[in-house]
Every structure is written in structure tokens, then in C-alpha cells.
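**Student:** 3D model of this:
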Amino acid sequence: MNETMKMIKTSRLKRKRRFILMTSLMAIISLVLCGLMLMLGNTIYPVQDVIKVLLGEQVKGASFAVNTIRFPRMVAGLFAGFAFGVGGYIFQTMLRNPLANPNVIGITTGSSAAAVFCIIVLNASNIVVSIAAVIGGLATAIFIYLLAKGTSFSIGRLILIGIGIQAMLTAFINYLMLIGNTHDIPAAMRWLSGSLNGAKLTNLYPLILVVCICTPILMYFAKRLEMLELGEQAATSLGVNTNETRVILIITSVLMIALATAATGPIAFISFLAGPIAKKLVGVGFSGLIPAGLIGVILVLAADLIGQFAFETRYPVGVITGIIGAPYLIYLLIRINRKGDL
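**Tutor:** Residues are numbered from 1 along each chain as shown. Predicted coordinates:
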């Protein structure tokens, strides 16, 4: 018995060390990428100049570039990436299916449809577009959940309904693009591609506030989330109020995703990729919530840097993440089809 207990403690200690090491490494990589976002551009500024600007000193040329363009862009990528990563992890873990993420089941498409409607039909301001995107994402999530709930909640039903709703909303967006005025379509396309271009700090405050409020709530429910992954009956037997927990997790994570979408547009595949990558890196036994958020940050910032500097033409971050994520989605669909899980 003592030997068994020792083995269990040793194994848990190893898992804990791995979790701390990998999470710390992700945090360091995120900080390095944040630094690169502030340093790199048409003019490359040294670290000392960037630090001086951040501390409030005036540095010729650097002050305007860093404060007005690069810092808001970096903050947008940081908080949107974290929100997409955490939101995707919540859905994939709670629904026990890698396809059950906000991109695939239509939540970000709901935000996109509302935003494009405001841009093309209403010619609304950026603030109205952002508010509409949040409302559209929340309304879509609630609608899908109510349809999937029925007499008893079904994961497969939710995913299939979500995919159907996404197809309908995508068709609606395409229709709006066809009937829209020529001068409105480029703005809608920029928004739909998912981009950090033109990010303004004042427009990011709602996203920053919601991420700072919702993250501790999600961390508090992290243990219940892991129990939900065991299945409905197992979670209930362990004392988890599954309906209440699921509603709180959905509302908080959708709110983060909707505000991130409102700030940057629907950056493709971040919520899809972040959770599985984080789980592979940190292993089992500990919540992958924060690691998934950090992977989301790394993917967004790295993709934005690649889009800006790796090619002759500059591409929005969503184009780069789409190129990365599409092959993984195809592979996952083939694997699920072979196993017959969906």
C-alpha cells in the first residue's frame, strides 16, 4: 500500500512539474511575442526605446508608432487570443468533442452575421457593429443550446444543430455581401477575415474588462468542468449541478468569444486549435484552461507577425490561422468519421 501511494504521489508530482514548466514556457513565449509586436514594423525600434515609450517618455518616432499603432494591436491580439483559446477549450471539454468549438457550431458566425448586417444594411458605426456582434453571438449560443436541450441534453444534437445554424448564417452573410453597396463590401471583408489592423485601445476596454472578470469565474468552475468531461451521470453522481454549471460556463465563455469577435473579427481556428495543443503540452491531471488561453495568444500573435513580415504582401491574421487550421479540421473530420463518434 505504501509503495502504491508513493507511486501515485511521484506520478502526480511529475505531472505537476510538467504543468508548471509548460505553462511557464507558454507565458514566456507570449511575452516575447508581445515584445516583438512592439518592436517590429516599418521601422524596428530597440528594446530600450520601447521600454522608454511604455514608461511614458517621449522618443522621436517611436512614441507615435508604439502608442498609436503597435501597442493597441498587441493588446487586441493578446486578449482576443486568450478569449478565443479559453472559449474553445471550455466548449471542447464540456461537450467532450473537439468539433464542439465556437467556430464550428456557429457562435462566431452569429457574431459575424450581426456585424455584417450592421455594416452593409445599417451603415452603422464601429461601436454599434461591436454591440451587434456581441448580441448576435450570445443569441446564437442560447438558440443552439435551447434546440439541443429538448427533453434531455445531447452533445451530438448540439453539434449537428450548430453546424446547421452556421451554414444558414454563412448563407445569410453571403447574401448580404451580394446585395451590399460596393463601398461597404471591403469593410465587411476586412472584418470577416479577422484582423488586428486598426485596433484602437478605447474599443478594447470592454474585451479587457470581460476577460479579467470571466477568467476567475471560469477558473472557479474548472473542477466542475473536468467532471462534466466524465459524462452527465458521472458528474451528477459527484455532486455537480450539470445544468447550472453548463449554463454558467456557456454564458461566460460565449461573452468572451463574442467580445473578442467584436474587437478583431472572427479569427479562424484559434478556438479550435488552442485546447488540443494545450492538452498535449501540459498533459492530464490539471486544468488546461489557462494554457489554452496562452496557446491562443501565441497563435494569434505569431500568425500576425507572419502575416505582416513573412510575405511580400501583408495578410490579416485570420488568413494565416485559416491556412494553419484548415488541414487539422480535415484530419479531425476524417478521424471522427472512421471512429463513428459523431
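**Student:** other SSEs contacting the helix or strand encompassing Ile330?
**Tutor:** Here Ile330, judged by DSSP states H and E, is contained in helix 317-339. Secondary-structure packing of helix 317-339 (3 or more CB pairs under 8 Å, 6 or more residues apart in numbering; DSSP states H and E): helix 270-282, helix 289-309. (Each C-beta comes from the backbone N, C-alpha and C, glycine too.)
**Student:** what about those helices, which gets the closest to Ile69?
**Tutor:** Closest to Ile69 of those is helix 289-309 (CB to CB; 11.5 Å).
**Student:** distance from the chain centre to the closest one, please.
**Tutor:** 10 Å (CA atoms, centre = their mean, to the nearest Å).
**Student:** next, the angle helix 317-339 makes with it.
**Tutor:** Going by axes from the mean of the first three to the mean of the last three CA atoms, to 10 degrees, helix 289-309 is angled at 130 degrees with respect to helix 317-339.
**Student:** packing partners of helix 289-309?
**Tutor:** Using 3+ CB pairs under 8 Å, 6+ apart, helix 289-309 sits against helix 2-39, helix 71-94, helix 201-220, helix 270-282, helix 317-339.
**Student:** enumerate every residue touching the residue most central in space within the chain.
**Tutor:** Geometric centre of the chain, nearest residue: Phe84, 0.8 Å, by CA atoms, centre = their mean. By CB atoms under 8 Å, 6 or more residues apart in numbering, the contact set of Phe84 is 102, 257, 260, 267, 270-271, 274, 296, 300.
**Student:** Serialize those to TSV and add fields for neighbour count and pLDDT.
**Tutor:** Shown next, in TSV, are the contacts of Phe84 (neighbours: other CB atoms under 10 Å; pLDDT from 0 to 100):
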residue	neighbour count	pLDDT
Pro102	33	79
Ile257	31	91
Ala260	37	92
Ile267	33	90
Ile270	37	91
Ser271	32	88
Ala274	31	91
Gly296	33	95
Val300	33	96
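**Student:** tell me the one of those residues nearest Phe71?
**Tutor:** Val300 (15.5 Å).
**Student:** surely the closest one and Val317 touch.
**Tutor:** Yes. Judged on CB atoms under 8 Å, Val300 makes contact with Val317 at a distance of 6.1 Å.
**Student:** overlap in contacts, those two.
**Tutor:** With CB under 8 Å, 6+ apart as the test, Val300 and Val317 both reach 77, 196, 267.
**Student:** what distance do you get for the closest residue to Leu281 other than its chain neighbours to Lys280?
**Tutor:** Setting aside the residues directly before and after it, Leu281 is nearest to Met22 in space (CB to CB, 6 or more residues apart in numbering), at 4.7 Å. Distance, Met22 to Lys280, using CB to CB, to the nearest Å: 10 Å.
**Student:** so the two - more neighbours on which side?
**Tutor:** Taking other CB atoms under 10 Å, Met22 and Lys280 do not tie; Met22 has more neighbours (18 against 12).
**Student:** any stretches of the protein with poor pLDDT?
**Tutor:** 1-2, 150-153, 336-342 (pLDDT under 70).
**Student:** quick one: contacts of the helix or strand where Phe64 lies?
**Tutor:** Per DSSP H and E, Phe64 falls inside helix 62-64. The contact list for helix 62-64 (CB under 8 Å, 6+ apart) reads 43, 45, 49-50, 52-53, 57.
**Student:** try 10 Å
**Tutor:** Applying CB atoms under 10 Å, 6 or more residues apart in numbering, the contact partners of helix 62-64 are 38-39, 41, 43, 45-46, 49-50, 52-53, 56-58, 70.
**Student:** name the residues of that helix that are buried.
**Tutor:** Buried residues in helix 62-64, counted by 16 or more other CB atoms under 10 Å: Ala62.
**Student:** stretch 179-189 too?
**Tutor:** Buried, per 16+ other CB under 10 Å, within stretch 179-189: 180, 184-185, 187-188.
**Student:** what is the nearest of the residues you listed to Ile159?
**Tutor:** Ranked by distance to Ile159 (CB to CB), these are led by Ala188 at 27.8 Å.
**Student:** and the helix or strand where the closest one lies, what does it pack onto?
**Tutor:** Taking DSSP H and E as the criterion, Ala188 maps to helix 185-193. Applying 3 or more CB pairs under 10 Å, 6 or more residues apart in numbering; DSSP states H and E, one finds that helix 185-193 makes contact with helix 107-120, helix 126-149, helix 155-179, helix 242-264, helix 317-339.
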